[in-house]
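Colleague: what shape does this take:
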Amino acid sequence: MTSSVLASAATAFLVLGGVGAQAAEPKSFLEGLRRHSMVTSTVPANGDQNPYAIVIAPVTAGKVQAGDVLVDNFNDRNNLQGLGSTIVAYRPATKQLHLVAAIPRNLPQCPGGVGLTTAMTMLKTGWIIVGSLPSQDGTTKTKGDGCLIILDAQGNVAGTIAGPNINGPWGNMAVIDNGSTATLFVSNTGFDVGPPEDEPPVVNKATVLRLELSIAEGKPPVVTRQTVIGSGFGEQADKDVFIIGPTGLALGKDGALYVSDALGNRIAAIPNAATRADSAGTGREVTKDGLLKRPLAMTTAPNGHLIVTNGLNGQAVEIDPVTGQQVAARWIDANKAQSPPGSGDLFGIAMTPSGDGFYYVEDEVNMLVLAH
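Modeller: Have a look, this model is predicted:
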């Protein structure tokens, strides 16, 4: 596959950065990666495309084994955005892909229907929670408010979470999972977003929502408290990528929630994310511009650094969240079919259980890739 060849040729190229506060040069996690292996197509039997979220299963339950790599799809078989309704799982032990869930497109409890986003997690109790930002025609002209969908480990819909605080749940979730209770952090990018005009306005209404859950044995999670802890982030309708807004969420050891603010081209920090009772607005700026080119999905490496995928080129960027230093960037998708190479191809990202690499998706070829 052309993109695989290009990616393999380019992944040895590492860019070291020095953007942000000055500090001793930290060791780069990206520097230790040697290979990028395409492991499977993410297209299920119904033809859904455009893989978004990546989640590593924490437990064995139902159709899922611990260590399975769950991926959902945002587009349908006609490549229309906001109509994807499937979750698949790649099992590293067998190198096989299987279907976990095919959610009904017209789910009455979910305003506007189903179009699965990067907002997905699997809890220790086996419940899967996934975001929906739906469309009827593949554009924001027919966008619905969406919801969070609760699935059991067999892929059956067990409930939804909707309401005034939820509109276009979009970004990859950060999670604190204590078993009988859990806390979810999810960005919402759909408030007052209109159709994708030639120059759609930026609407500064995207939020970060904290949801506290109670999980009784054998029962679906129940929301016990909702708190908007971040607000005023930019969101924008887009003809090519449906919507642009805060996407990556990652918890730090200091209690901060790090947010990739795509339109601000920066990483922000919301302090005391698990306990605060109010909104921190758009948070404290950690780093901006430099190697960042519309930062999207985000995860935390074993060295405590943030690994962020770029939306406007095929690079992943490593950031020290303490100093704000942009440590390095690495080409993980150098497909020259896009300009710049890899532009618009990267979305989900998740560390391997062993912490020696990460999974990501190249959505232009509907492939799950392992960097290790």
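Colleague: does Gly290 really touch Val327, like I thought?
Modeller: No - Gly290 lies out of contact with Val327 (Cβ atoms under 8 Å); the separation is 10.8 Å. Using the backbone N, CA and C atoms, a C-beta is placed for each residue, glycine as well.
Colleague: between those two, which has more neighbouring residues?
Modeller: More neighbours surround Val327 than the other of Gly290 and Val327, with 29 against 18 (other Cβ atoms under 10 Å).
Colleague: can you tell me the number of residues neighbouring the closest residue to the more buried one other than its chain neighbours?
Modeller: For Val327, ignoring the flanking residues on the chain, the nearest one in space by Cβ to Cβ, 6 or more residues apart in numbering is Glu318 at 4.4 Å. Each residue near Glu318 was counted by other Cβ under 10 Å, and the total is 25.
Colleague: how about Gln338?
Modeller: Neighbour count of Gln338, defined by other Cβ under 10 Å: 17.
Colleague: could you do Pro104 as well?
Modeller: Pro104 has 11 neighbours, counted by other Cβ under 10 Å.
Colleague: in a strand, it, correct?
Modeller: No - Pro104: not assigned to a strand; according to DSSP: H, G, I helix; E, B strand; the rest coil it is coil.
Colleague: doesn't Pro134 make contact with it?
Modeller: No - with contact defined as Cβ under 8 Å, Pro104 does not reach Pro134; the gap is 11.7 Å.
Colleague: in the sheet, who's paired with the residue nearest to Val327?
Modeller: Residues in a beta bridge with Glu318, per DSSP bridges, are Ile307, Ala328.
Colleague: can you tell me how far it is from Gly290?
Modeller: The gap separating Glu318 from Gly290 is 12 Å, by Cβ to Cβ, to the nearest Å.
Colleague: shared neighbours, the two?
Modeller: Contact criterion Cβ atoms under 8 Å, 6 or more residues apart in numbering; residues shared by Glu318 and Gly290: Gln326.
Colleague: pLDDT score for Ala274?
Modeller: On the pLDDT scale, Ala274 is placed at 98.
Colleague: for it, what are its contacts?
Modeller: 176, 183, 210, 251, 255.
Colleague: swap in 7 Å and give it another go.
Modeller: 176, 183, 255 (Cβ atoms under 7 Å, 6 or more residues apart in numbering).
Colleague: re the thing from before, distance of the residue nearest to Val327 from Leu33?
Modeller: Taking Cβ to Cβ as the measure, Glu318 falls 10 Å from Leu33.
Colleague: same deal with Val64?
Modeller: Applying Cβ to Cβ, the value for Val64 to Leu33 is 27 Å.
Colleague: thought the residue nearest to Val327 was touching Asn310?
Modeller: No - assessed by Cβ atoms under 7 Å, Glu318 is found out of contact with Asn310, at 11.8 Å.
Colleague: which residues in the stretch 51-200 of the chain form strands?
Modeller: 69-75, 86-91, 96-102, 116-122, 128-132, 147-151, 157-161, 174-177, 181-188 (DSSP state E, counting those that start in this stretch).
Colleague: any chance of the ones you listed in JSON lines, plus mean pLDDT and mean neighbour count?
Modeller: Formatted as JSON lines, these follow (pLDDT from 0 to 100; neighbours: other Cβ atoms under 10 Å):
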{"stretch": "strand 69-75", "mean pLDDT": "98", "mean neighbour count": "26"}
{"stretch": "strand 86-91", "mean pLDDT": "98", "mean neighbour count": "23"}
{"stretch": "strand 96-102", "mean pLDDT": "98", "mean neighbour count": "17"}
{"stretch": "strand 116-122", "mean pLDDT": "97", "mean neighbour count": "28"}
{"stretch": "strand 128-132", "mean pLDDT": "98", "mean neighbour count": "29"}
{"stretch": "strand 147-151", "mean pLDDT": "98", "mean neighbour count": "25"}
{"stretch": "strand 157-161", "mean pLDDT": "98", "mean neighbour count": "19"}
{"stretch": "strand 174-177", "mean pLDDT": "98", "mean neighbour count": "20"}
{"stretch": "strand 181-188", "mean pLDDT": "98", "mean neighbour count": "24"}
